[in-house]
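**Student:** Dropping the sequence and predicted coords here.
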Amino acid sequence: MIEVEHLSKVYGSTTALQDVTFEAQPGEILGLLGPNGAGKTTTMRILAGYLPATRGTARVAGYEVHDQPMAVRQRIGYLPEVPPLYPHMTVEGYLHFVGRIKGVSAGDRAQQVQWALEQCNLLEVQKSLIYKLSKGFRQRVGIAQAIVHNPPAIILDEPTIGLDPRQIIDIRNLIKTLAQDKTVILSTHILPEVSMTCQRVAIINYGKVVATSTLADLKAQQPDQLTYELELQGTSEKIEHGLQTLDGVLTWRWLTTPHPDRRKVRVICHPDTTIGHQLTHHLVHANVAVYEMRRLGTSLEEIYLELTTQEADIPSEIEADEPDHSVTAPPPANSEPPTQKDNPSIDEAEDTR
Amino acid sequence: MTLIFNNIVAIFRKELQGYFKSSLAYIIAGVFWFSVCAFSVAEVRTWIELKAAGHMVDVPQESLKSFLSVMFWIVIFIVPSLSMGLYAEERRHRTLELLATSPITNWAVAVGKLLALWTLFITMMLPVGILEVVFLSYADPPMAPGVFVVGHLGLFLLAATISSLGLFISSIADSSFLAIILTYALIFILFWLFVLGEQWGEPWETLFSQMSFFKHYATLTQGVLDMSSVVSFASYILLGLFLTAQSIDLLRFQRR
């Protein structure tokens, strides 16, 4: 439905997009994820026919955006970052106007406007002037104008920005309903937005797509390591001995725990399916009591940070992550281990989870 | 073709409804009617007094001429205040992106807006026109209808020309205030060129007087249906529309 191939956009000496390629199928919600200024809005504007691309092609429903702009504009619904609203119009009057300029025939217009009002839960405010509406309603009117001509493809630029949590949930549900028979592309820099709404994600950074995949695949592509967090009772020597004698364990780090007689450790292992079983077995045999054991999944935040962190920053993080359990001294049971300060990246990842 | 027509009608309706819902438009209309009536009555009285004093004066003819010359200044003062928001407001509300991503050409948008403004001007002229017809129907000596019609054609063409130039300025200005200032400045420059041409002599005089809609307006208000004047006005209107469409197209290339 939407195919973007080798798209580039250069503004003077600034490259806003570089060789961007992705596609989205009908019934799919694709999230364009990236930091502010990464090129999300530029990509969407090119797709909507607002901006011409410097190189590359973009097709919507088989029509090329540069060669057949009018055909594309009829088949695309676009919500810019700021909803394009005329404040002195009523919601209904505005949607009728958008229907007219989108080419909805006079016979179908009333029905289409009614449908858009129902879809976006705007029936109660249809006679209200737009400037009197709250931000959440305005955003919904913005989405209604994007769907009033029933386009097969919808592009939403930051659709939930500035809304309260209740409104965000409403908009997410609305987007999911719309995506049942349409292709939806939405951009965001808010990570839960993607994991809660989208089936697939394209991560853009500095004008380049650094990853395009389903969320599950993205997680699966991450470094093949398993991380467990364990809360244990036993001397540090016993625990260390238990971990050292297990082949699958790569490294471990001591964490703080509120219990004075327990110890918490994060263990990084080879991706062996039996490693969890082996770990508990070894520790129990080393006479260590296991109170809690938890496998940590790779969160979207971690993937996102890893993919959108500048190359210049990466070596220092790798250095900080360097496993070296031979020098890791076991800490007193309830104090913060000194080695934890050496590894800020893991702590940050934990904070954001 | 039907689609383009529908698009023009959509923009026309939206703009016209916008004017009728805007308090500013009513204030402007009030100022317009007040100034038209005040100046016209003063002019007619002057001519009647001159005739009463024994001068050979064709009061209806002279009154119409005076009325149209007063209208010239009122139009160039009032119309920019109506055209200033045509695109500046679209920018302010970020709705240009909606228009630019809809299957509607920049030309259709510009034509729809221009027609709406022109229609508003004609609507504002309607009560004035009725007064004129009533006044002139008692004229002695009676007035040739052609003079009346051609004179008003000139007036409407002038209004459309100022609207078209105002439309273009509004498309390049960031705010309504800047748009009105720049429109007055543009009209002033065109007027100044006309005056300068007269001082510099040939070939500037011919060149600038042909370019000047002041001269063409004067020709039409004398009841002379000079096609070169009509074509000249039409050229200005088309030029304004063309520049508007181009400037809106150019906006898309700017980084915003």
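**Tutor:** Yep, that arrived. Numbering: from 1, shown residues only, chains lettered A, B, ... in the order given.
**Student:** Around chain A, pick out the residues from the stretch 1-150 of chain B.
**Tutor:** In this structure, the stretch 1-150 of chain B approaches chain A at residues B:3, B:6-7, B:9-11, B:13-14, B:17-18, B:21-22, B:93-104, judged by Cβ under 8 Å from any Cβ of the partner chain. Backbone N, C-alpha and C define where each C-beta goes, glycine included.
**Student:** so residue A:178 makes contact with residue A:184?
**Tutor:** Yes: counting by Cβ atoms under 8 Å, residue A:184 is a contact partner of residue A:178 at 6.1 Å.
**Student:** Which residue of chain B lies farthest from its centroid?
**Tutor:** Taking Cα atoms, centre = their mean as the measure, the residue most remote from the mean C-alpha position of chain B is residue B:54, 37.3 Å away.
**Student:** So it versus chain A, what's the distance?
**Tutor:** Here the criterion is Cβ to the nearest Cβ, to the nearest Å. By it, residue B:54 lies 57 Å from chain A.
**Student:** That residue looks like it's in a helix, true?
**Tutor:** No: in this structure, residue B:54 is coil, not part of a helix, as judged by DSSP: H, G, I helix; E, B strand; the rest coil.
**Student:** what's the helix-or-strand element of chain B with minimal mean pLDDT packed up against?
**Tutor:** Within chain B, judged by mean pLDDT, DSSP states H and E, the helix or strand with the poorest mean is helix B:204-211; its value is a mean of 76. Other helices and strands packing on helix B:204-211, by 3 or more Cβ pairs under 8 Å, 6 or more residues apart in numbering or on different chains; DSSP states H and E, are helix B:176-200, helix B:227-251.
**Student:** And the helices in chain B?
**Tutor:** Shown for chain B, the helices assigned by DSSP state H span residues B:2-21, B:23-52, B:59-83, B:85-92, B:96-100, B:106-137, B:145-172, B:176-200, B:204-211, B:213-221, B:227-251.
**Student:** Indicate which one of those helices is closest to residue A:35.
**Tutor:** Among the helices of chain B, helix B:96-100 comes nearest to residue A:35, with 22.4 Å by Cβ to Cβ.
**Student:** Under a three-state scheme, what state does residue A:66 occupy?
**Tutor:** Under three-state DSSP, residue A:66 falls in the coil class.
**Student:** Can you give me every residue that contacts it?
**Tutor:** With contact set as Cβ atoms under 8 Å, 6 or more residues apart in numbering or on different chains, residue A:66 has these partners: A:52, A:53, A:57, A:58.
**Student:** Which residue does the stretch 51-200 of chain B have closest to chain A?
**Tutor:** Distance from chain A to each residue of the stretch 51-200 of chain B (Cβ to the nearest Cβ) is smallest for residue B:98, at 3.7 Å.
**Student:** Excluding chain neighbours, what is closest to that residue?
**Tutor:** residue A:84 (3.7 Å; Cβ to Cβ, 6 or more residues apart in numbering or on different chains).
**Student:** Quick check: residues of chain A near chain B?
**Tutor:** Remark: the part of chain A in contact with chain B comprises A:11, A:14, A:16, A:45, A:48-52, A:70-71, A:73-74, A:76, A:78, A:80, A:82-89, A:93, A:97-98, A:100-103, A:145, using Cβ under 8 Å from any Cβ.
**Student:** so residue A:250 sits right up against residue A:266, yeah?
**Tutor:** No: in this structure, residue A:250 sits apart from residue A:266 without contact. The criterion is Cβ under 8 Å, and the distance is 11.4 Å.
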